[in-house]
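Colleague: need a structure here:
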Amino acid sequence: MTSQAISPSDQVGLETISAVLPEGATIHAWIRASHAGTPGKLTAHVDGNPAGAVETSNPHEFEFRRLALERGGEAAFSYDPVTTEISVLYAFLPPVVLEDGIRLLHVRQCTATTEVPGSYHFRPLFGWMNDPNGFGRFGGKLHLFYQHYPHSPRWNNMHWGHAVSEDYLHWKHLPIFLFPSDELAQRADGRGGAFSGSAIALPGDEAGLRIFFTEHMKDREPEEQVQFTATSRDLVNVEPAKLILPARPAGLGLTTDFRDPYVFLGPDGRWKMLLGTRDREGGVILLYETDDPAAVAGWTFLGMLHRENRFGMTAAECPCMVPLDGPANDPMTRWALIFGLLTSRDPATGRRNMTLASVGHFDGQSFSMEFEQDLDFGTDAYAFQAFVDDAGPIGIAWLANWTDISREIDMPTAMTLPRRLALKSGALITPPVAAVESLRQHRLDAGGLLEGQAVALANGSVEILLTLKEAGNTFRLEFEHSEATVAVQLNDDGLSIPFSVANAKASPRYIAARARPSTIRIFLDAGSLEVFADDGRWTGTKRLPGFKGVSSVRLTAPEGNVLAAEIWQLGL
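Modeller: Take a look at the predicted model:
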């Protein structure tokens, strides 16, 4: 018996997504039934021949389905829009996905990420993104995982997205890495999912990585948040997860906050884990360790590593810890302990959700602080996560702040430029990675800037460099933006980012008090401003509303204060 090839377009009322795909391509699809009682179905054909089908009866949330194409050719994926909704459809070839990434075939309009030509910050292909997770180098490539919800530009049940890079700047999008549990994935009700965590390389000569993450399930008793680990042998697919910490430490008066495991090798050669929580006084960071070389079993609670109770009952989140000025096993090496403070408020400036960096010595059991500083005076570099790369510690953060989020307002989302961490002149510096200079395409004429004229900035993706005649010389850079009033200024109070939006409540004072830098480096992009003064001694990040870049800049300064100015057009 022979079968006749049928084109999906011959079937009245069907919507079809077409693409030429190779033999062996894997398809990831998220589908939802439009109505209860009527299944949703997606059918695949290759060169008119049936190639598989997937379906769901769930009308509450898009469900993940996988297809594999045995033959290559003209692929057509068809569905009835009356009964079926398709959120995301992408394809990839498993043997080369780390090199080629995924090919997005379809995304529904309300889920698609706004196109931003010329933008050079990392953004997801679709959906919502927040905290970076598992940032590190594995298999010779830089891997970035991130908190992700694929089906809306708003936060919901958490997945882990995934991307790889060779240079920290050019990223290839990979298949979604980690999913909420089956129970949580049934409804789009924001009850939890795979929350933030970290990753380490597998021991010895094993290929792959091990991740650690928090599973959150709202109203679960007695623990809303517990810790899991899972392994990926091929850096793309993850094996079933294993519960490793089922409960908070008892007797410490901790709230149900218990999350964001950050695992690293301590100075004593043992794996350490930091976790964020809070008690009735403020934020707390917990320390665990294990003798297991694979970091799977035997996790033991050592105690409270650090606490911060100056800003109310705030939860410490996304802690990370890296050696700064020497090898981890050298007792003289100083470490940076970095963490966010959810719901914190600085009474002096009104800044919210701040991130602190404490620098001191760590012996594997306790941390003795020498000094602390704001990681970012603009506060829109949240959930910072770092690892030690070949040339030293590198970190990245979510370019946003939870005070900007509401259920009614979508927001542009991106990651900050990756940043180095080092000690210099008794302070922690966080300049951008050296690779950012490869973004420079050509110089713009900055001559008018020193004369007080408005200088056009093309698409707004630019780098501005100012050299002051003397450290602390006053100036003000005013930027023209369609939705905000924004500037960078230096005066006797310090270095600041004056910022306001029409018809919005008063903004905090984004200021590095008493800062007196001599060089200012500013990166502008659609949706963001990043300031690095004196090689990142003072760093300030501010998310800008919308997806339009700054259109022009004007400098105001006493004559002779600014010695030189450069403006570079940037792009990937």
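Colleague: What are the boundaries of the strands in the stretch 451-572 of the chain?
Modeller: Ranges of strands in the stretch 451-572 of the chain, per DSSP state E, counting those that start in this stretch, are 455-456, 462-468, 475-480, 485-491, 494-496, 499-500, 511-513, 519-525, 528-533, 538-543, 552-556, 562-570.
Colleague: residues of the longest one that come out buried?
Modeller: Neighbour-count burial for strand 562-570, counted by 16 or more other Cβ atoms under 10 Å, picks out 562, 565, 567-570. C-beta: built from backbone N, CA, C; applies to glycine.
Colleague: gap between Ala526 and Asp330?
Modeller: The gap separating Ala526 from Asp330 is 43 Å, by Cβ to Cβ, to the nearest Å.
Colleague: Looking at these two, which has the bigger crowd around it?
Modeller: Ala526 (23 against 11; other Cβ atoms under 10 Å).
Colleague: Report pLDDT for that one.
Modeller: As predicted, Ala526 sits at a pLDDT of 93.
Colleague: So what does it look like in phi/psi?
Modeller: Note on Ala526: backbone dihedrals following degrees, to the nearest 10 are phi -60, psi 120.
Colleague: so it touches Ala458, yeah?
Modeller: No: in this structure, Ala526 is not within contact of Ala458 by Cβ atoms under 8 Å, at 11.8 Å.
Colleague: residues near Arg559, how many?
Modeller: Actually, residue 559 is Glu rather than Arg. Glu559 has 7 neighbouring residues, counting by other Cβ under 10 Å.
Colleague: I meant to write Asp363 there.
Modeller: So Asp363, with other Cβ under 10 Å, has 12 neighbours.
Colleague: pretty sure it contacts Pro267?
Modeller: Yes: when contacts are counted by Cβ under 8 Å, Asp363 is listed as touching Pro267 (6.2 Å).
Colleague: Between the two, which contacts overlap?
Modeller: Counting by Cβ atoms under 8 Å, 6 or more residues apart in numbering, the shared contacts of Asp363 and Pro267 are Pro331.
Colleague: could you pull out the helices for this structure?
Modeller: With helices called from DSSP state H, the chain shows them at 97-100, 447-450.
Colleague: Just put those in CSV and tack on distance to Gly546, mean pLDDT and mean neighbour count.
Modeller: Converted to CSV, the helices of the chain look like this (distance: least, Cβ to Cβ, whole Å; pLDDT from 0 to 100; neighbours: other Cβ atoms under 10 Å):
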stretch, distance to Gly546, mean pLDDT, mean neighbour count
helix 97-100, 32, 97, 16
helix 447-450, 24, 91, 16
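Colleague: export those helices to JSON lines and tack on distance to Gly251?
Modeller: Formatted as JSON lines, these follow (distance: least, Cβ to Cβ, whole Å):
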{"stretch": "helix 97-100", "distance to Gly251": "46"}
{"stretch": "helix 447-450", "distance to Gly251": "61"}
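Colleague: show me what contacts Asp100?
Modeller: 92-93, 172.
Colleague: so which of the residues you listed comes closest to Ala454?
Modeller: Of all the contacts of Asp100, Ala454 sits closest to Lys172, with 38.4 Å by Cβ to Cβ.
Colleague: circling back: among the strands of the stretch 451-572 of the chain, which comes closest to Tyr262?
Modeller: Smallest distance to Tyr262 across those (Cβ to Cβ): 20.8 Å, for strand 538-543.
Colleague: Mind splitting this structure into its structural domains?
Modeller: Listed by automatic domain parsing, the domain ranges of the chain are 8-95, 187-429, 436-570.
Colleague: Distance to Gln147 for the ones you listed - can I get that in JSON lines?
Modeller: Output for the domains of the chain, formatted as JSON lines (distance: least, Cβ to Cβ, whole Å):
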{"stretch": "domain 8-95", "distance to Gln147": "17"}
{"stretch": "domain 187-429", "distance to Gln147": "6"}
{"stretch": "domain 436-570", "distance to Gln147": "16"}
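Colleague: Minimum distance to Gly127: which of these has it?
Modeller: Here domain 8-95 is closest among the domains of the chain (Cβ to Cβ), at 7.8 Å.
Colleague: Mind listing the residues bridging to Ala336?
Modeller: Val322, Val359 (DSSP bridges).
Colleague: show me what contacts the residue positioned nearest the centre of the chain?
Modeller: When Cα atoms, centre = their mean is applied to the chain, the residue found nearest the centroid is Pro132 (3.3 Å). Contacts for Pro132 (Cβ under 8 Å, 6+ apart) come out as 144-146, 383-385, 396-398, 415.
Colleague: What are the contacting residues of stretch 445-460?
Modeller: 117-118, 444, 464, 480, 524-526, 548-556, 562, 565-567, 569.
Colleague: Repeat the analysis, applying 6 Å as the threshold.
Modeller: Stretch 445-460 is contacted by residues 118, 524, 549-550, 552-555, 565-567 when judged by Cβ atoms under 6 Å, 6 or more residues apart in numbering.
Colleague: swap in stretch 316-323?
Modeller: 196, 260, 262, 274, 276, 283-285, 333, 335-340, 342, 383, 385-386, 388, 393.
Colleague: same deal with stretch 343-354?
Modeller: Residues contacting stretch 343-354 (Cβ under 6 Å, 6+ apart): 311, 314, 341, 379, 401-403, 508-509.
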